[in-house]
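Novice: can you look at this prediction? I've put the sequence above it.
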Amino acid sequence: MSSTCANRVSDFSSLTDRREYSKILRENSLLEPIVKNPFYHHIKLKWYQWLQLIFGGILLLPIRLLCISVIFFLSMLIGLVMTVGLSQEDLKLVPLKGWRKRARGILRFLGRSLAFCCGFHSIKKYGKRCRREESTIFVAAPHTSYFDAFLFFILGLPTAISRAENGRLPIMGRVVRAVQPILVRREDVNNKQITVQTIIDRSDPKSDWPQVLIFPEGTTTNGSCLINFKPGAFIPKLPVQPVVIKYRNKMNTITWTWQGFSVFKVSLLTLCQFNNKMEVHYLPVYIPDEGEKQDALLYAFNVRSKMAEFLNVITTNHSYEDCRLMCRARELNLPLESAIIEFVQIKEKLKINFDNCEDLLKKFASYARKKDGKMTFEDFCNYLDLPVNSDTHNVFDLYDRNKDGKIDFREFLIGLCLISRPEDNEANLKLAFEMFSKNGINKVNLEDFHSILSSNFTMQREEIKVLFEKIDQKKQGFITFDDFYQFASKSSDYSKLFGKNKEFKILQHNLEYSKLASTTSIGQSCSFGQVRQSTSNLSLTKRPMSDKARANVNEIEPAPKLSVDLNEHKKE
């Protein structure tokens, strides 16, 4: 995703809307997600809606269940006939031909009949579906329900992505294998490479395979946003046609998420509705440019943005891995939503993998409260095995990003990974200058300079203004990063801005206060005030300390001058 950000930063000169710029900053920071839990869906039905469903259950449910059973039975027979004499390897490597291929039309008819029996009487289609010569890949979103599978029949049985477990089902497994999907095991890292190669092979315009249908979100959500798109559909570097699915029911019993109604309840309530409204919107074929062909993540990001714009929803960095962490949280008796961290962003920013997150979640659960899945200050002290005092509270305040007096798992992860290890302030400041530069010229004015320094250091506006005027000796009204760097390097007061500052180090659950060597002694006062470590690689939004923590800081006596042995630190 770093390359994505870089490309978007390079195009900043074309962005005239300040809100769009704020969106870019949000994507480059570790602020809390706007949609905290896209995997939750629950509806409260009114009495007349329950009455409607009861009548539907009495009049429609028995007939619909009977028809569905007949369709499943016929599908099983057709699937059995289509795959007789073929091994699983044959079905993976060669597309069906002859009478087997023509029999797919029967399965398509049965699938559309199944949708009709489920109440989807008229599925409206908008836009123009592309031919295979225009695009071999469909990308569909938002993925909100297993009823989205009806799109598979509408598109004429394209190659779909399905769980490997579905191909081994005792009854419907034959039907699944008959349509020759790409079967994947998402927890198997080695299987991902095989899946990607299979997508490339089947989407080849020269092959005889049908078009490919992929839901790039990889899991179901409540539709309030578009979560991270997996890059699999975009790695082949071919044009794709975005397909948007909408449901227009007043009673949204269709949405099925990880936290909400069960499969049984969703199915029962949906079958009891007299009519279920589904729409399919074909968006124009998206043709990647050279930059997108070389960066599948950028390609996926831009296609997702187009679809989100059409849907008028936001985009987030949640992913299927967040769902896996939710399942782990359930096993640890924590609320499911406590493990939602926007994994894609956390992984990119903090350089940690899923196994690291899972291990830390287990440790976090040992001290967090089971009621809300958060740590209080006392829990935090127990975790570090430290006494309750003002010094420890200052560290707690650094973890507590939203200043609510508690630490959730996301704050816990960020704290361990950022506050506990040094940051290269020079790289952070240089990137910040690039973000604020306009028209490709690497220079900033006083307002932008204030935004950069106030977010990374505890400097007052007047102090920043004085520093800006000292650097801008020619009174041009702007400065460059090189001007700032050269001036700060020659000043004993400001050289510390470009040093690697490590305020706190957490090692084996023990807190050690460590003050590292700098060009000046640690006890020496700085004209700009106490330097505060940035808690984000590019956090351009200042997060003030709480009143309680600020009072504690004022009560702490100034540290005496210390002499630090550099060789000793190297040994450590």
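Specialist: Perfect, thanks for sending it. Numbering: from 1, shown residues only.

Novice: export the strand of greatest length in the chain to CSV, keeping only CA atoms.
Specialist: If you go by DSSP state E, the chain has its longest strand at strand 240-247. In CSV, the C-alpha atoms belonging to strand 240-247 read as follows (Å, rounded to 0.1, in the frame of the first residue of the first chain):
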residue,chain,number,x,y,z
VAL,A,240,-11.8,-5.6,-15.3
GLN,A,241,-15.5,-4.8,-15.3
PRO,A,242,-16.8,-3.6,-11.8
VAL,A,243,-20.2,-5.0,-10.9
VAL,A,244,-22.2,-3.5,-8.1
ILE,A,245,-24.9,-5.4,-6.2
LYS,A,246,-27.7,-3.6,-4.4
TYR,A,247,-30.7,-4.9,-2.4
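
Novice: list the buried residues in it.
Specialist: Under the neighbour-count criterion of 16 or more other Cβ atoms under 10 Å, strand 240-247 has 240, 241, 242, 243, 244, 245, 247 buried. C-beta here means a position set from N, CA and C on the backbone, and glycine is covered the same way.

Novice: pipe those residues into CSV and attach distance to residue 63 and pLDDT per row.
Specialist: Shown next, in CSV, are these (distance: Cβ to Cβ, whole Å; pLDDT from 0 to 100):
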residue, distance to residue 63, pLDDT
240, 40, 97
241, 37, 97
242, 37, 97
243, 31, 97
244, 32, 97
245, 26, 97
247, 23, 96
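
Novice: helices and strands around the one helix or strand residue 268 maps to, which ones?
Specialist: Using DSSP states H and E, residue 268 sits within helix 263-271. Under the contact criterion of 3 or more Cβ pairs under 8 Å, 6 or more residues apart in numbering; DSSP states H and E, helix 263-271 touches helix 47-59, helix 61-83.

Novice: before we move on, the earlier item: and of the buried residues of strand 240-247, the nearest to residue 347?
Specialist: Comparing the buried residues of strand 240-247 against residue 347 with Cβ to Cβ places residue 240 closest, at 24.5 Å.

Novice: ok, now which ones touch that closest one?
Specialist: With contact taken as Cβ atoms under 8 Å, 6 or more residues apart in numbering, residue 240 is in contact with 135, 137, 138, 139, 233, 234, 285, 286, 303.

Novice: in this structure the fourth one contacts residue 244, no?
Specialist: No: if you go by Cβ atoms under 8 Å, residue 139 and residue 244 don't touch, sitting 9.9 Å apart.

Novice: which residues are common contacts for these two?
Specialist: The contact sets of residue 139 and residue 244 overlap at residue 307 (Cβ under 8 Å, 6+ apart).

Novice: format the buried residues of strand 240-247 as CSV; extra columns: distance to residue 261.
Specialist: Converted to CSV, the buried residues of strand 240-247 look like this (distance: Cβ to Cβ, whole Å):
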residue, distance to residue 261
240, 32
241, 31
242, 28
243, 25
244, 23
245, 19
247, 14
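
Novice: between these, which sits nearest residue 41?
Specialist: Nearest member of the buried residues of strand 240-247 to residue 41, counting by Cβ to Cβ, is residue 247, at 11.9 Å.

Novice: leaving out the residues flanking it, which one is nearest to residue 472?
Specialist: Once flanking residues are discounted, residue 472 sits nearest to residue 479: 5.3 Å by Cβ to Cβ, 6 or more residues apart in numbering.

Novice: right, and the one you found touches residue 448 too?
Specialist: No: taking contacts as Cβ under 8 Å, residue 479 lies outside contact range of residue 448: 9.7 Å.

Novice: list the contacts of residue 341.
Specialist: Residue 341 touches 322, 325, 357, 409, 410, 413, counting by Cβ under 8 Å, 6+ apart.

Novice: can you list these in JSON lines and add distance to residue 104?
Specialist: Below are these laid out as JSON lines (distance: Cβ to Cβ, whole Å):
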{"residue": "322", "distance to residue 104": "36"}
{"residue": "325", "distance to residue 104": "39"}
{"residue": "357", "distance to residue 104": "42"}
{"residue": "409", "distance to residue 104": "47"}
{"residue": "410", "distance to residue 104": "46"}
{"residue": "413", "distance to residue 104": "47"}
